[in-house]
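Student: Sequence unavailable; structure follows:
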DNA sequence: TTTACTTGCGGCACTCAGTGCCATAGCTTG
DNA sequence: CAAGCTATGGCACTGAGTGCCGCAAGTAAA
């Protein structure tokens, strides 16, 4: 008995205690004791208390990096979509574990922050890759790369969270669809009006008839007044 | 002498020491001692060591919240642009302080994470506001809100970082331009083929007279043509 | 002037995360 | 059997953050 590797036993103990008492009410000593191990062993297996919950972010980052690296200029966007799908699948494969983690990050601010910081790393990876792909060190390309990277990870997170909440039965299909929407966004012809001070017109959908809106529009144009 | 309030003296001491020895090599005791104050006083003024560097995030969040709150459905996008500009201006007003903070967050991983987590809070605010504005609890609207919020803060951060690095002489103009690009992105006709519908509302800044724009507007409403 | 109340500060003791060092038990390889 | 490697436990230490108590100075009320 107790033949499970220390890493696993520690993780099990940690999640059990987090469920019972909450994250902040659980000390590393508690975890080690419950696992029947020493405190030192805990820190040898996990860099920090938070790390028990987010074990393989580094591996995931490497996964993305690899997938992006094995692409040519013409397949860059496919690589991005693939990488996103890879990450999503990783979480889906975790199944219940991912959902327990989500429950924790939803409750504990420190963990939520940590999660967001990790997402930031993903976003950075995508940003650099996309900027590279866009080539031009133009300021405009740089901004577009930033926007696109942000949209890519936002799409991923949106679908992931839906799945975590049990709102999605086919997350892979959803993420593919979401990525299509993202790519459509950035392939839209007019989206890069370039410099030159022309007028930019922005349209959104509403339920109202346009003529009913015209007065507000006028005021909006003239002085940004309220409506 | 030493008539400056404790808060200020502590911040001065902290930044000085961070510059001299680096963030991790500076303890809270060091800071308090340099400021000629007690350790207790430090924690009374700042919740944590990191807080000395990011003092008024809460105030900034409230600022955004307020600006977004004072808007109607038709001026929602103007409010978003305004809020973004507000945040940017806050940092620009800080001047050198903001740049010293940037130097620190660039070097120290813990601070970078903290910064990213803060940005996440901004993004959440925008996401909720935009989702609310889009109305429909549709899954499609929800995704679009998420994408748009991500793009909005990405645009802001892009311009802010440019300014922090000294690459921008007129950040306000740049952020306005970037926001135009973001809004244009999401107004692109093809991107939301969604179920049919209503008419289109238009928000924009322009130098032109609105009447000169009306024909384009009508076309935009009818078939989503550009500019 | 004396009393009472508030505000800002210092000191101290405590918890807990995280680091570093040393010792030891077990297992493998010569 | 000896040498070496690996996984573990114990222990002491630093440093962040909390809580409590006490003190001084200023202010208001008696």
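Tutor: Nice, thanks for sending it over. Being a predicted model, the structure only gives us computed values, none of them experimental.
Student: which bits of chain A sit near DNA strand D?
Tutor: Counting by Cβ under 7 Å from any atom of the strand, the residues of chain A lying close to DNA strand D are A:5-6, A:32, A:36-41, A:44-45. C-beta here means a position set from N, CA and C on the backbone, and glycine is covered the same way.
Student: Out of these, give me the one that has the most neighbours.
Tutor: Ranked by neighbour count (other Cβ atoms under 10 Å in any protein chain shown), the residues of chain A next to DNA strand D have residue A:32 at the top, with 21 neighbours.
Student: Check what pLDDT residue A:186 gets.
Tutor: For residue A:186, the pLDDT comes out at 88.
Student: ok, now how distant is it from residue B:186?
Tutor: Going from residue A:186 to residue B:186 by Cβ to Cβ, to the nearest Å gives 11 Å.
Student: between the two, who's got more neighbours?
Tutor: Using other Cβ under 10 Å, the more surrounded residue of residue A:186 and residue B:186 is residue B:186, with 23 against 19.
Student: Burial check on residue A:128, number of neighbours?
Tutor: Counted with other Cβ under 10 Å, residue A:128 comes out at 14.
Student: Mind telling me what element it is part of?
Tutor: helix A:109-134 (DSSP states H and E).
Student: Now go through the residues of chain A next to DNA strand D and say which are in helices.
Tutor: Per DSSP state H, helices hold the following members of the residues of chain A next to DNA strand D: A:6, A:32, A:39-41, A:44-45.
Student: ranges for the strands of chain A?
Tutor: Here chain A has its strands, by DSSP state E, at A:203-206.
Student: where do the helices sit along it?
Tutor: A:6-21, A:28-34, A:39-45, A:57-69, A:76-94, A:96-107, A:109-134, A:139-164, A:171-187, A:210-223.
Student: tell me the angle of the fifth one relative to helix A:109-134?
Tutor: With axes from the mean of the first three to the mean of the last three Cα atoms, to 10 degrees as the criterion, the two stretches helix A:76-94 and helix A:109-134 enclose an angle of 160 degrees.
Student: what comes into contact with helix A:76-94?
Tutor: Outside helix A:76-94, the residues that touch it by Cβ atoms under 8 Å, 6 or more residues apart in numbering or on different chains are A:60, A:63-64, A:67-68, A:70-71, A:98, A:101, A:122, A:126, A:129-130, A:133, A:152-153, A:155-156, A:159-160, A:163-164, A:171-172, A:175-176, A:179, A:183.
Student: List only buried entries from those.
Tutor: Neighbour-count burial (16 or more other Cβ atoms under 10 Å in any protein chain shown) applied to the contacts of helix A:76-94 gives A:60, A:64, A:67-68, A:71, A:98, A:101, A:122, A:126, A:129-130, A:133, A:152-153, A:155-156, A:159-160, A:163-164, A:171, A:175-176, A:179, A:183.
Student: Give me the distance between the nearest residue to residue A:52 once chain neighbours are set aside and DNA strand C.
Tutor: Excluding its sequence neighbours, the residue lying closest to residue A:52 (Cβ to Cβ, 6 or more residues apart in numbering or on different chains) is residue A:14, at 4.3 Å. Distance of residue A:14 to DNA strand C, given as Cβ to the nearest atom of the strand, to the nearest Å: 11 Å.
Student: any idea how far residue A:123 lies from residue B:41?
Tutor: Distance, residue A:123 to residue B:41, by Cβ to Cβ: 38 Å.
Student: ok, now residue A:14?
Tutor: Computed as Cβ to Cβ, the residue A:14 to residue B:41 distance reads 36 Å.
Student: Please apply the same query to residue A:124.
Tutor: Here residue A:124 is placed at a distance of 38 Å from residue B:41 (Cβ to Cβ).
Student: go on, residue A:42?
Tutor: 35 Å.
Student: now do the same end-to-end measure for stretch A:100-114.
Tutor: Distance between the two ends of stretch A:100-114: 16 Å, counting by Cα to Cα, to the nearest Å.
Student: and that stretch with chain B, contact?
Tutor: Yes - applying Cβ under 8 Å from any Cβ of the partner chain, one finds stretch A:100-114 touching chain B at A:112-114.
Student: out of these, who's nearest DNA strand C?
Tutor: Within the residues of stretch A:100-114 next to chain B, the smallest distance to DNA strand C is 10.0 Å, found for residue A:114 (Cβ to the nearest atom of the strand).
Student: Could you double-check that the residue nearest to residue A:52 lies in contact with residue A:32?
Tutor: No - the criterion here is Cβ atoms under 8 Å, and residue A:14 misses it with residue A:32 at 9.5 Å.
Student: quick one, domains of chain A?
Tutor: With domains defined by automatic domain parsing, chain A comprises A:6-50, A:53-190.
Student: Need those domains in a markdown table (columns: distance to residue B:85).
Tutor: Compiled in a markdown table, these are given as follows (distance: least, Cβ to Cβ, whole Å):
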| stretch | distance to residue B:85 |
| --- | --- |
| domain A:6-50 | 35 |
| domain A:53-190 | 16 |
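Student: got a list of what residue A:131 touches?
Tutor: A:141-142, A:145-146 are the contacts of residue A:131 under Cβ under 8 Å, 6+ apart.
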